[in-house]
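Colleague: The sequence and its predicted three-dimensional model are supplied below.
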Amino acid sequence: MSNNISSILQENRNFFPSKKFKKQANITEQIYQQMLLKAEKNNVGFWADLAKEKLTWAKDFTVDLDDSKAPFYRWFTDGKLNASYNCIDRHLTDKSDKLAIIFEHDDGKVDQYTYKELHDEVCRFANALTTQGIEKGDRVIIYMPMIPQAIFAMQACARVGAIHSVVFAGFSSASLRDRIESAGAKMIITTNVSIRGGKTILVKKSVDEALEGGGNSVCKVIVYARTDYKIAMQDKRDIYWHDVVAGMSNYHDAVMVESEHPLFLLYTSGSTGKPKGVQHSTGGYLLNAHLTNEWVFDLKDDDVFWCTADVGWITGHTYVVYGPLSMGATIVIFEGVPTYPSAGRFWEICQNHAVSVFYTAPTAIRALMKFGDNLPKQYDLSKLRLLGTVGEPINPEAWIWYYKVIGNESCPIVDTWWQTETGAVMIAPLPGITTMKPGSCTKPLPGIDAKIVDEKGNVLDNGEGGILVIEKPWPSMIRNVWGDEQRYIDAYFKQFANKYYVVGDSAHIDAEGNFWILGRIDDVLNVSGHRLGTMEIESALVSHQLVAEAAVVGKPHEIKGESVFAFVVLNIDIPSGEKREILMQDLKKHVAKEIGAIAKPDEIRIGINLPKTRSGKIMRRLLRTIAKGEEITTDTSTLEDESILKQLQKTPETF
Ligand code: PRX
């Protein structure tokens, strides 16, 4: 296959949607051209008309965009709506018995919820939240695995006007504590345990650890009993889900909020400091979530959409919960892991639930590709009609495998570029019309004003690599870094004096106008499609009692995209042999405990010092070269002490 791929790259082969797909696509060439024209003429009006057409408003808006305090943009400002009402209630007239959620447990058991059942579950829980003292604007942390109750909890928060912040249940208690503190959360919704790959994981225990010692804003912890596993419950603070919903009405009048009312916060890594609480709005966010499901995922009434992302990430917010539900679609959610009980699990789920639209990350595709072509072929994947990828650039080899083996050369692949901050897909093929190129996310969606600029902000010609920016504001853009306006400006707008939203990626545009994302330009790693700040991992390492200094870089990894490679300086003599091995393991465990297993370094090198310039700046460029095991050929004369490099190049075997 590799030979095949390189020749494909040389030929720069194009892939076209089939006639059959084109014919039924939501966005045809004609509609696309009309949209482009309209967005070009009046970008704000383009979005405002769509907001009126696609969302249900309790109070219509008259202000399309308020940019008087740019870059703090406000969309559809005087309108009122409720996100949960838009995701559930408005479908009840014609889709009450339609399946909303198909939930596959880790052990293969399946639960299903119609829109009416979803409505009842969400309303009961919304009433319970109110009874427990949750009001509009309160922050609620959701720390749960991929089970329907996580969706009920998100929808119930939206329904009462509370601001949810979902924290990925794989994050450690220390990460959870930071987020609780930053959000000033009043409540945590969690589970006693989660079940993944046949294992029981103690979820509530992490919540207890995060809240240990008190002094936080949390008054209540609601615990969904996923199994009958017994856990400690703290009197007055902790209460079971089944107890809070007991006797609650399945009627709840959704609280209509201002369009700009924050729907949720989602914490993401930045290059400096603690994770940023990305604040999203209600109206603007929901609009792009809805539209991109219609445009990019081409959702139809009879589709079964499976986005494999966890609700702890933005992809889970926009393409599991808010987008598909706002369209009245049927979604699949899965509690387990792709390789349990066998590496055919994903394909078995696609077969058993007749999944028609499937969206996952390149890291999962690469991992499953390793098991060969025969495994997916054992399953009936004939219902699939559209495939998607997200999170990092997809290598052409994985793209082709996905296209041929999973999609049987008949499903378009939408390589969707976006971020936690953009709220929804920004650059991606429109599957009925776009010519696909493996490795390119192709073109910005109508209304999205993406550009490549140089360091001075000049727009570059096609072919030149540069900084990816978005000039015009768009409805689902980040509104603020929770509680820190200065950080919002510094992180996204300062570089070009508010002229552009600065993405943090580098990219180039080819002669045909297709975007190719090259990677991050800040000190952020992309491990398995998830952003990790090098700074956070370094802080975690330095918090170990034996570590004096740490520097973390990314190393290209076959499956994960990038792996975490750490260089540390100890405050003791460097131990040797078995002692060093034990310390390395301990450091890895320490990072997992401080941040979560996802951030655990794959490799650690212990040095007597780190390569620094005379002004004390760590030269990461050199560390990246060392991590890759390559020779340093660039100039190192600015280094304070060149001999450090030799020592850091020593692998444990040569130490
Ligand atoms: O570097 C880009 C990469 O992931 C970053 C956003 O990460 P996060 O906020 O965690 O959201 C991931 C899911 C939306 C981007 O700045 N990225 C995301 N999608 C792609 C991508 N890089 C290349 N191609 C993509 N399709």
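Modeller: Nice, I can see it.

Colleague: Relative to Val245, how far out is Phe297?
Modeller: Applying Cβ to Cβ, to the nearest Å, the value for Phe297 to Val245 is 32 Å. Using the backbone N, CA and C atoms, a C-beta is placed for each residue, glycine as well.

Colleague: neighbour count winner among those two?
Modeller: Phe297 (28 against 22; other Cβ atoms under 10 Å).

Colleague: got the contact list for that one?
Modeller: Taking Cβ atoms under 8 Å, 6 or more residues apart in numbering, we find Phe297 in contact with 305, 319, 323-324, 357, 359, 386, 388, 414.

Colleague: Spell out which residues of this protein are next to the ligand.
Modeller: Proximity of the chain to the ligand, by Cβ under 6 Å from any ligand atom, involves residues 268, 314-315, 390-393, 415-420, 441, 503-505, 517, 520, 526, 530-531.

Colleague: mind listing which of those are in strands?
Modeller: Judged by DSSP state E, the residues of the chain next to the ligand include 268, 390, 415-416, 503-505, 517, 520, 526, 530-531 as members of strands.

Colleague: which parts of stretch 467-482 are buried?
Modeller: Neighbour counts over stretch 467-482 (16 or more other Cβ atoms under 10 Å) mark 467-470, 472-482 as buried.

Colleague: out of those residues, which one sits closest to Leu81?
Modeller: Using Cβ to Cβ, Pro475 comes nearest to Leu81 of the buried residues of stretch 467-482, at 12.7 Å.

Colleague: Doesn't the closest one lie inside a strand?
Modeller: No - using DSSP: H, G, I helix; E, B strand; the rest coil, the assignment for Pro475 is coil, not a strand.

Colleague: Phi first, then psi, for it.
Modeller: Backbone torsions for Pro475, taken as degrees, to the nearest 10, come to phi -60, psi -40.

Colleague: Verify the stated contact: it with Gly79.
Modeller: No - applying Cβ atoms under 8 Å, one finds Pro475 not in contact with Gly79, separated by 11.6 Å.

Colleague: what's the overlap in contacts for those two?
Modeller: The contact sets of Pro475 and Gly79 overlap at 51, 283 (Cβ under 8 Å, 6+ apart).

Colleague: domains of the protein?
Modeller: By the assignment in automatic domain parsing, the chain contains the domains 115-255, 524-654.

Colleague: deepest of these, which one?
Modeller: Mean neighbour count (mean count of other Cβ atoms under 10 Å) peaks for domain 115-255 among these, with a mean of 20.

Colleague: can you tell me the distance between the two ends of that domain?
Modeller: Terminal residues of domain 115-255 lie 19 Å apart, using Cα to Cα, to the nearest Å.

Colleague: Averaged pLDDT, it. What do you get?
Modeller: Across domain 115-255, the average pLDDT comes to 97.

Colleague: Surely Ile604 forms part of a strand?
Modeller: Yes - read with three-state DSSP, Ile604 is one of the residues of a strand.

Colleague: quick one, what contacts it?
Modeller: For Ile604, the contact set (Cβ under 8 Å, 6+ apart) comprises 565-568, 584, 587-588.

Colleague: and if you look at Asn293?
Modeller: By Cβ under 8 Å, 6+ apart, Asn293 lies in contact with 299, 305, 319, 323-324, 326-327, 329.

Colleague: ditto for Gly215
Modeller: So Gly215 contacts nothing (Cβ under 8 Å, 6+ apart).

Colleague: With Phe21 instead?
Modeller: Taking Cβ under 8 Å, 6+ apart, we find Phe21 in contact with 385-386, 410-412, 431-432.

Colleague: 6 Å instead, please
Modeller: By Cβ atoms under 6 Å, 6 or more residues apart in numbering, Phe21 lies in contact with Gly432.

Colleague: Does it belong to a helix, a strand or coil?
Modeller: Applying three-state DSSP: Phe21 is helix.

Colleague: same check, this time on the one 5 residues further on
Modeller: Put simply, Asn26 is coil when judged by three-state DSSP.

Colleague: Right, I'll leave it there.
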